[in-house]
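1. requesting a structural model of the entry that follows:
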Amino acid sequence: QLVESGGGLVQAGGSLSLSCTASGLPFNRLNMGWFRQAPGKERVIVATFGWRSGSPEYYLDSVKDRFTMSRDNAKNTVNLEMNRLTPEDTAVYYCGAVFGSNPPKDPTEYGYWGQGTQVTVSS
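-> Down below sits the predicted model:
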């Protein structure tokens, strides 16, 4: 089970933090990803952090240098720190988890999902 927290409404230029906590799964063997889905659009990858990695492997181009994904195996948690938010970042954000060697970017390859949390950035 994955449970997300954080999100909310923020003005453009502001910051938000998201957290995702896993339970019932061997977290230290899970590849984790943050995704987002805007209204009427497909779910897309935002960032990944594999279980074998010491740092995130991937960031969506539009969030590089603004978003930071981190992982705490002791707390079974991944976080997404989002800075300098823009209205284009408005979406429902999901964390996903999958077993395997490396974290995929395709959301259809993820087997576990959180419930999603709304992020709304006003202009």
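
2. ok, the most centrally placed residue in the chain to Ser123 distance?
-> Among the residues of the chain, the smallest C-alpha distance to the mean C-alpha position (C-alpha atoms, centre = their mean) belongs to Trp34, namely 2.1 Å. Here Trp34 is placed at a distance of 23 Å from Ser123 (C-beta to C-beta, to the nearest Å). In this view, the C-beta of every residue, glycine as well, is placed from N, C-alpha and C.

3. kindly provide the distance from the residue nearest to the centre of the chain to Ser70.
-> Following C-beta to C-beta, the distance that separates Trp34 from Ser70 is 11 Å.

4. anything in contact with each of these two?
-> Residues touching both Trp34 and Ser70 by C-beta atoms under 8 Å, 6 or more residues apart in numbering: Val78.

5. so Phe99 sits against Met32, correct?
-> No. Applying C-beta atoms under 8 Å as the test, Phe99 and Met32 come out as separate, 11.0 Å apart.

6. show me which of the two is the more surrounded one.
-> The residue with the greater number of neighbours, taking Phe99 and Met32 and applying other C-beta atoms under 10 Å, is Met32; the counts read 25 against 12.

7. show the contacting residues for that one.
-> With contacts taken as C-beta under 8 Å, 6+ apart, Met32 has the following neighbours: 20, 48-51, 71, 78, 95-97, 103.
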